[in-house]
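Colleague: Provided below for reference: sequence and predicted model.
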Number of protein chains: 2
Amino acid sequence: MQSLLIAKAFTLMEPGPVVLVTTNDGHKDNVMTISWTMVLDFSASFAITTGPWNHSYAALTKTKECVIAIPTVDLIDTVVGVGTCSGKDIDKFEKFRLARVKAKYVRAPLIEECLANIECRVVDIIERHSIIVLEGIAATFDRSRKEIKTIHAVGDGTFVVDGRIIDRKEMMRSKLPSGI
Amino acid sequence: MQSLLIAKAFTLMEPGPVVLVTTNDGHKDNVMTISWTMVLDFSASFAITTGPWNHSYAALTKTKECVIAIPTVDLIDTVVGVGTCSGKDIDKFEKFRLARVKAKYVRAPLIEECLANIECRVVDIIERHSIIVLEGIAATFDRSRKEIKTIHAVGDGTFVVDGRIIDRKEMMRSKLPSGI
């Protein structure tokens, strides 16, 4: 895991991969699967949709901290497993054998098996729409990983894996923030 | 274009494809490219991030209507082209030869060349985060199309095309809304 410029973190989220979100309530770590995410600007602001129906919500809103971890396709069954059981009943890090790495600024752990991790603070909670606004404050990226394809939840129990890449940097030059 | 159950519209958005959003300000149609989108629930609520820096924003917030059109990979250069010029200066439907189809409930047009179209009403504007909350009210899907792969903007001028599909319906059964 190497550190990644926080200004580049939005490029991890913009393609819309399903992510794991870790929290720590002061006693216990937890992790949930989240597919409903959105980039809010080029700095490192993100929105996620979650609410009290997720056990992690209490820790997230109390500590105002979390880590967004980006899994790749080799972790598909972990992603689905984490998303279909509750941290209320079990320790998901144990159950799914996820290795915790200490974060720089937050108590929620990074996940070693993931391609990238973004440490975040909760900056706003829009309760009427179950939107949590996060600000990324540090990011890591595992450059040693061979598998870099992420997965996109369709919402019907199927997932789309990243396919080929198309380059339109030249056409988009005027719209890209500098350094990206 | 056949009609699609509005309850299924979130499965078009959840994977995070880049979309085209059409508007009509009472006089003129316009279309913008949006990559920052999020599903808000299983009914048909979506969030998009946009603001006054997009020419479409005035029409969107005035009429409180739009259409989210989902393009596939064959439209990559249209998607990038639409996203790198302004409807203030030109008629993007003319420039990019996009065929308009009359929507059922809104004045903004559907786009015939797209895989799917979702007619939406603006139900909330969260100005401090530039988030627009939309409610889908009708949807169409073109079942005759051969190309169904969508594209995901990375944010650095590259795009990821949909790859293979993984089925985890059985594992996720307990979490899926009925009928999806």
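Modeller: Good, I have the coordinates.

Colleague: the one helix or strand residue A:38 maps to packs against which elements?
Modeller: For residue A:38, the enclosing helix or strand under DSSP states H and E is strand A:37-39. For strand A:37-39, the elements it packs on are helix A:10-13, strand A:45-49, strand B:37-39, strand B:45-49, judged by 3 or more CB pairs under 8 Å, 6 or more residues apart in numbering or on different chains; DSSP states H and E. For the C-beta atoms, the positions are set from N, CA and C on the backbone; glycine is no exception.

Colleague: redo the ones you listed as CSV? Include mean neighbour count and mean pLDDT.
Modeller: Shown next, in CSV, are the helices and strands packed on strand A:37-39 (neighbours: other CB atoms under 10 Å in any protein chain shown; pLDDT from 0 to 100):
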stretch, mean neighbour count, mean pLDDT
helix A:10-13, 24, 98
strand A:45-49, 24, 98
strand B:37-39, 26, 98
strand B:45-49, 24, 98
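
Colleague: and the ones you listed as CSV, adding distance to residue A:112?
Modeller: Below are these laid out as CSV (distance: least, CB to CB, whole Å):
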stretch, distance to residue A:112
helix A:10-13, 16
strand A:45-49, 22
strand B:37-39, 27
strand B:45-49, 31
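
Colleague: wait, which of the ones you listed is closest to residue B:6?
Modeller: Among these, the nearest to residue B:6 by CB to CB is strand B:45-49 (10.9 Å).

Colleague: which strands or helices does that closest one pack on?
Modeller: For strand B:45-49, the contact count by 3+ CB pairs under 8 Å, 6+ apart identifies strand A:37-39, strand A:45-49, strand B:37-39, strand B:116-126, strand B:131-141 as packing neighbours.

Colleague: indicate which one of those is closest to residue B:27.
Modeller: strand B:116-126 (18.7 Å).

Colleague: if you average pLDDT over the closest one, what comes out?
Modeller: Strand B:116-126 carries an average pLDDT of 98.

Colleague: who does it pair up with?
Modeller: Strand pairing for strand B:116-126, using DSSP bridges, gives strand B:65-70 (antiparallel), strand B:131-141 (antiparallel).

Colleague: using CSV, please lay out those together with distance to residue A:154.
Modeller: CSV is the format used below for the strands paired with strand B:116-126 (distance: least, CB to CB, whole Å):
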stretch, distance to residue A:154
strand B:65-70, 13
strand B:131-141, 14
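
Colleague: most tightly packed of these?
Modeller: Highest mean neighbour count of the strands paired with strand B:116-126: strand B:65-70, a mean of 27 (counted as mean count of other CB atoms under 10 Å in any protein chain shown).

Colleague: show the subsequent helix or strand relative to that strand.
Modeller: For strand B:65-70, the following helix or strand on the C-terminal side (DSSP H and E) is helix B:76-83.

Colleague: show me what that following helix is packed against.
Modeller: Of the remaining helices and strands, those touching helix B:76-83 by 3+ CB pairs under 8 Å, 6+ apart are helix A:169-172, strand B:29-34.

Colleague: direction included, what does the longest one pair against?
Modeller: Neighbouring strands of strand B:29-34 in its sheet, by DSSP bridges, are strand B:19-24 (antiparallel).

Colleague: pull the strand it pairs with out as CSV, backbone CA atoms only.
Modeller: What follows is strand B:19-24, C-alpha atoms only, in CSV (Å, rounded to 0.1, in the frame of the first residue of the first chain):
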residue,chain,number,x,y,z
VAL,B,19,-25.3,9.3,-18.5
LEU,B,20,-26.7,12.0,-20.7
VAL,B,21,-29.3,14.3,-19.0
THR,B,22,-31.7,16.2,-21.3
THR,B,23,-33.7,19.3,-20.4
ASN,B,24,-36.1,21.7,-22.1
